[in-house]
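> sequence? don't have it. structure:
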């Protein structure tokens, strides 16, 4: 087989694999009732439901102004549907990014009091959205309020999706802790 014919066959196989993977990754909303986050009516007909949030942050807190010391962080957030593979756009509800003083464990996030919360509706999220091989993600560089000094040498960042539907439960990311120097 000639090298150009081999490349043509290989590119055709790659294209077919990509199409099969894309079709195989689409899920019907509510198809898996065993999911612990499945909520009847959590999305309008034809919309995919947010089942998980993936939060990726900068490895350390950032200095975003001319004053010494950290005062913010960078984060990317992906809302993952039932298929668990590709992220999807957030079209309803709100996405919250919460900052806690100290290390907060996942089991304590529902009762812990955040130091600061940033709230983004779908219109605001659209301006921060980007597409990648992972799907739709939202990128932020957020500066925290420096009014009160931190009591601990770490902060915890957490993302929470709050659906519009009253029966649906909020969806939390895993908490991410960053080391800082107390103000």
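Structure's in. What do you need? These numbers come from a predicted model, not from an experiment.
> check which helix or strand covers the residue nearest in space to the middle of the chain.
Geometric centre of the chain, nearest residue: residue 77, 2.6 Å, by C-alpha atoms, centre = their mean. Element membership of residue 77 [criterion: DSSP states H and E] is strand 72-80.
> what's in contact with that strand?
Contacts of strand 72-80 with the rest of the structure, by C-beta atoms under 8 Å, 6 or more residues apart in numbering, involve 50-58, 61-64, 86-90, 95, 97, 134-144, 155, 157, 159, 161, 171, 173, 178. C-betas here are computed from N, CA, C, even on glycine.
> Now do the helices in the protein.
Secondary structure of the chain by DSSP state H: the helices cover 3-25, 122-126.
> weakest of those helices in terms of mean pLDDT?
Lowest mean pLDDT within the helices of the chain: helix 3-25, at a mean of 34.
> pLDDT weak spots in the chain?
Where the chain drops to pLDDT under 70, the residues are 1-47, 182-183.
> all strands for it, in order.
In the chain, the strands defined using DSSP state E lie at 52-57, 72-80, 94-101, 116-120, 129-132, 135-143, 154-162, 171-172, 176-179.
> helices or strands next to the third one in the packing?
In this structure, strand 94-101 makes packing contacts with strand 72-80, strand 116-120, strand 135-143, strand 154-162, judged by 3 or more C-beta pairs under 8 Å, 6 or more residues apart in numbering; DSSP states H and E.
> Any figure for the gap between residue 55 and residue 68?
Separation of residue 55 from residue 68 (C-beta to C-beta, to the nearest Å) stands at 27 Å.
> can you pull the contacts of residue 173?
Going by C-beta under 8 Å, 6+ apart, residue 173 touches 52, 53, 54, 55, 77, 158, 159, 160.
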